[in-house]
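[1] Quick one, structure for this:
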Amino acid sequence: MQVSLLQCQSSRSVADNLAFIESQLKQLERSEDVPHMVVLPECCLLFGGQESQQLQYATRAEDSELKQALAELAAKYQVVLVAGSIPVLAEDGRVYNRCYVFDLDGSVLGQYDKLHLFDVEVSDGTKQYRESDAFCPGNRIVVVDTPLGKLGLAICYDIRFSDLFRALREAGAEMIAVPAAFTKVTGEAHWQVLLQARAIETQCFVFGAAQWGLHNGGSRETWGQSMIVSPWGEVIAQKPQGTGWLQAEIDVQSVHSIRAKMPVINHNRFVSPQLKS
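    Residues are numbered from 1 along each chain as shown. Alright, predicted model coming up:
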């Protein structure tokens, strides 16, 4: 199967972000007879200077124009689309940071709401990040059956929580997509090592699709370095800087070969917590 990750430099303009994504899909190199998965980064259609700016674009899922636009792209370009994340209105007036997975015809295969919210202090121009001011955390893990295999979902800050990834593995994941918008400071320090650690621990392919560069006139800066990591922890491909595609052909059967030779899940003497829906 083919996997393509799109590194973006998204802004506050939904129209501009959609136009960029479609321009890249038009140029996507692909084999017609090979299943193709595309992974977009976190906040792919709307990257504001502050988390609260997501609120003005949030609607109920059934009314979401952002969701519909992404579904149409999946159908038009005949890809399984892991659609980064978009804001969807929650019951308490905040928003879910939600990742949809669309099939080749644009239908929804699954959806995931980011579980862990980024409430931290970082030594950069923003200083303090408070996702919980605008976002509502999700309440369940998600593994999606896709035409290419079983795909676990996580978003950005989730990568720091190994129990989540272990639960995804136990729920059947063979691959895990991680749409992200890591800050430059935290990305430079931890992004690669966390992606490789999660791949090694779960014995899954891990797809880290990232935002990169200065956004909205320099109000935010993200690290980039989108990366595809094998279940053995090898970096198969990466895009350190710039926007555009990162691609690789992968064999999901290699996941099962590695697990058979080193059955760590059977050797583990601890039980990971399972989040219930």
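
[2] Give me the number of neighbouring residues for His267.
    7 (other CB atoms under 10 Å). In short, each C-beta sits where N, CA and C put it, glycine included.

[3] Relative to Asp163, how far out is it?
    As for His267, its distance to Asp163 is 17 Å (criterion: CB to CB, to the nearest Å).

[4] Counting by contacts, list what the helix or strand hosting Leu25 packs against.
    Using DSSP states H and E, Leu25 maps to helix 14-27. When contacts are defined as 3 or more CB pairs under 8 Å, 6 or more residues apart in numbering; DSSP states H and E, helix 14-27 packs onto helix 65-77, strand 244-249.

[5] Rounded mean pLDDT for the next helix or strand after that helix, please.
    Sequence order places strand 36-39 as the next helix or strand after helix 14-27, per DSSP H and E. The predicted model gives strand 36-39 an average pLDDT of 98.

[6] Would you convert the helices and strands packed on helix 14-27 into a markdown table that also reports distance to Tyr129, mean neighbour count and mean pLDDT?
    Listed next are those as a markdown table, based on distance: least, CB to CB, whole Å; neighbours: other CB atoms under 10 Å; pLDDT from 0 to 100:
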| stretch | distance to Tyr129 | mean neighbour count | mean pLDDT |
| --- | --- | --- | --- |
| helix 65-77 | 22 | 18 | 97 |
| strand 244-249 | 26 | 17 | 97 |
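
[7] In CSV, list those along with distance to Ser10.
    Formatted as CSV, these follow (distance: least, CB to CB, whole Å):
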stretch, distance to Ser10
helix 65-77, 12
strand 244-249, 14
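
[8] Mind checking these for the one nearest to Ser219?
    helix 65-77 (21.0 Å; CB to CB).

[9] quick one, the helix holding Leu25 and helix 65-77 angle?
    10 degrees (axes from the mean of the first three to the mean of the last three CA atoms, to 10 degrees).

[10] burial measure for Arg160, as a count.
    14.

[11] what are the ranges of the helices in the stretch 51-200 of the chain?
    65-77, 162-170, 184-186, 192-202 (DSSP state H, counting those that start in this stretch).

[12] Tell me which of those helices sits nearest to Gly213.
    Here helix 184-186 is closest among the helices of the stretch 51-200 of the chain (CB to CB), at 9.0 Å.

[13] contacting residues for the residue nearest the centre of the chain?
    Centroid-nearest residue in the chain: Pro179, 1.9 Å away (criterion: CA atoms, centre = their mean). By CB atoms under 8 Å, 6 or more residues apart in numbering, the contact list for Pro179 reads Val39, Leu40, Pro41, Glu42, Cys44, Val82, Gly84, Ser85, Cys99, Ile155, Cys156, Ala209.

[14] one more time with 10 Å
    5, 8, 39-44, 82-85, 97, 99, 112, 114, 153-156, 158, 207-211, 226 (CB atoms under 10 Å, 6 or more residues apart in numbering).

[15] name the helices or strands packed onto the longest strand anywhere in the chain?
    Ranked by residue count, the top strand of the chain under DSSP state E comes out as strand 95-102. Secondary-structure packing of strand 95-102 (3 or more CB pairs under 10 Å, 6 or more residues apart in numbering; DSSP states H and E): strand 36-39, helix 65-77, strand 80-82, strand 86-89, strand 108-113, strand 143-146, strand 149-153, strand 175-180.
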